[in-house]
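>>> Sequence and predicted structure below; questions after.
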Amino acid sequence: MKVVVCVKQIPDPADPGALDPESKTLVRDQKLILDESDSYGVEMALQLVDTAGEGSVHLVSMAPNNEVSGLRTALAMGAESATLVSDDALKGTDALGTAKVLAAAITRSEPDLVLAATESSDGYTGTVPEMVAELLGLPSVTFAKSIAIEGGAAKVQRQTEAGYDDVECPLPALVSVTAGVVEPRYPSFKGIMAAKSKPVDEVTVGDLGIDAGSVGWAGGGQEIVSVEEAPAREAGEVIEDEGDAHERIVAFLDELKVL
Amino acid sequence: MGLDKIWVFGEGDGESVATITLEMLAKAREIADTVEVFMAGDGDDYAEELGDHGAETVYATGDLDGGMQGVAVASAVAAAVADGDGPDAFMLGTTQDGRDVAARLAVKLDTPVITNVVDLEVDGDSLLGNEPVFGGTVDVKTKNTSGKAGIFLVRPKSFAAESAGGAEADVEDLDVPDLGAMGAAKVTDRFAEESDGPKLDEAAIVVSGGRGLGEADAYAMIETLAKAVGGAAGASRAIVDAGWVPYSYQVGQTGKVVKPTVYIAAGISGATQHLVGMKGSKNIIAINKDPEAPIFAVADLGIIGDVHKVLPKLIEALNS
């Protein structure tokens, strides 16, 4: 079974960069890391291939400046190879443009299953996986909290507002996973060493047969017209608990007349 | 000046319309002359309530026989747009199905989705979406420049639902074309997680617990406290991921957005992911032993202390 996992390399959430008010692009000069949300998809893929007894896990990522550090983390977890799409023409690409690029890169692998996180930790539009499915003409199940492959179909528990649905979906298919679908492994030292020599195929937009005008700022079809500091919520009183802090909380609730 | 026509994605449980749909209708009728709803399921179940909230027409697909809403509704809408029946803008809620429909529709119409929208404003003959980014510290306004109807994914609790006193909406068929292989995913069973007390996103008081509780068993304190104040119990993503409580308890970007009168965060550090879901609360009380925890920056009352010491005393005081 061939599984492709879409992974995003993002700035460390502890140091997320900023929006440049002039160019309205994300300024992220620092080294990128594997989005934690994607570690679940990578782990799920590795486990499904392991259960199937045959197959491989391939990664697909789009990132500026030929960034590979996040990919190396996922390769160290056990993925076999990766395709990285990196191209200056992609600067400013929105969710739809990203989906077009990922879909074109995924097609080359002819996977049985495509996995992605439900949403990235930095952009969180939560739309790219379902867009990729539409572009590839695949059925899809989003918000998976568990996946099993049985008889050529994915059996998925899909989170809903009320609880969850059991969903059955014949392969090939795309499934987006939530954090918590599996517990991601930490790369072993052996895995980290092996990852250094695993193949990362670096391609451009042109290599994928995509018109550069359909991605990036020009292809976006949307324009950021203003970037402003949001009014900050003012911090109130902060006290240290000396054993009687609960009394202060009760008094606060009484003042609000909510009890 | 507003738009001629907006289509709002309708959701419901078979009996009543989802709050997010009613919230969007309130905004839609403020900015468009005609407001219509498109949805999966049987439109007759919802026509009265939707009409009361200002929808003139409900376009409904009928029963999808377990099929996923995303591909079915998006395909049906794309066909309607191709026939020249489309609106000037689409509004969908940031829900599981809302996101699926919006994403598939964006590809079919080749137009962008403007996501995480908390407000909309009319700009000439187009709409601007207002989205908070970086955990709500920066506001961004985005304009659809594609020349086609814009698709806006709206976050829950952005607008107040309000009856418009309208007449029952007309119900019309929204025909789903043959979906081929894309329509192959089917729901085989549905499970609801029952919980006592008020619903998390409707409660006047919400008490949430996080990793600072230390262990899964300590979450019982959160439920006891919630019960003592007549509120609902919530959780940070960290402890949902750890399997302590189900996803339906999660407050935050990937969970529920809550805006109660009082929000009590116990043992929650205040990651961006969490703040996005609760910082609209009218009053925030935070208990955390780390004085540097970001949650204190948004708290009206911050207690630097151990939840294991503060919560039992608080519960006892409230129950006596």
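Structure's in. What do you need?
>>> Rank the helices and strands of chain A by mean pLDDT and give me the bottom one.
Least confident element among the helices and strands of chain A, by mean pLDDT, DSSP states H and E: strand A:26-27 (a mean of 69).
>>> Look up how far B:I205 lies from A:A245.
Using C-beta to C-beta, to the nearest Å, A:A245 is found at 18 Å from B:I205. (C-beta placed from N, C-alpha, C; glycine too.)
>>> Which secondary structure elements does the helix or strand hosting B:D139 sit against?
Here B:D139, judged by DSSP states H and E, is contained in strand B:138-144. In this structure, strand B:138-144 makes packing contacts with strand A:222-229, strand B:126-133, judged by 3 or more C-beta pairs under 8 Å, 6 or more residues apart in numbering or on different chains; DSSP states H and E.
>>> and the angle from the first one to strand B:126-133?
This means strand A:222-229. 50 degrees (axes from the mean of the first three to the mean of the last three C-alpha atoms, to 10 degrees).
>>> so what's residue 121 up against?
Chain wasn't specified; assuming chain A. By C-beta atoms under 8 Å, 6 or more residues apart in numbering or on different chains, the residues touching A:S121 are A:I10, A:P13, A:D35, A:E36, A:S37, B:Q273.
>>> please go with chain B instead
Neighbours of B:E121 in contact, by C-beta under 8 Å, 6+ apart: B:I31, B:L127, B:L128, B:N130, B:K141.
>>> Need the per-residue pLDDT for it.
Note on B:E121: pLDDT of 93.
>>> Same check on the one 4 residues further on?
If you check B:D125, the pLDDT there is 76.
>>> Are any of the contacts of A:S121 buried, and if so which?
Among the contacts of A:S121, those buried by neighbour count (16 or more other C-beta atoms under 10 Å in any protein chain shown) are A:I10, A:D35, A:S37, B:Q273.
>>> The second one and A:G41: what is the separation?
In this structure, A:D35 and A:G41 are separated by 10 Å, where distance is defined by C-beta to C-beta.
>>> shared neighbours of those two, anything?
Common neighbours of A:D35 and A:G41 (C-beta under 8 Å, 6+ apart) are A:V7, A:A117.
>>> Quick check, the residue in chain A closest to chain B?
A:D241 (2.7 Å; C-beta to the nearest C-beta).
>>> Would you mind measuring from the residue lying closest to that residue once chain neighbours are set aside to A:E240?
Closest residue in space to A:D241, ignoring its immediate chain neighbours: B:G305 at 2.7 Å, by C-beta to C-beta, 6 or more residues apart in numbering or on different chains. Separation of B:G305 from A:E240 (C-beta to C-beta): 7 Å.
>>> if you count what's nearby, which of those two comes out ahead?
Counted by other C-beta atoms under 10 Å in any protein chain shown, B:G305 and A:E240 do not tie: B:G305 has more neighbours, with 19 against 11.
>>> okay, that one: pLDDT?
96.
>>> how about B:A26, what does it touch?
B:H53, B:G54, B:F159, B:A160, B:A161, B:E162, B:A164.
>>> Quick check on those residues: which are buried?
Buried among the contacts of B:A26 (16+ other C-beta under 10 Å): B:H53, B:G54, B:F159, B:A161.
>>> buried sites along the helix or strand where A:A99 lies?
In this assignment (DSSP H and E), A:A99 forms part of helix A:95-107. For helix A:95-107, a neighbour-count test (16+ other C-beta under 10 Å) marks A:A95, A:L96, A:G97, A:T98, A:A99, A:K100, A:V101, A:L102, A:A103, A:A104, A:A105, A:I106 as buried.
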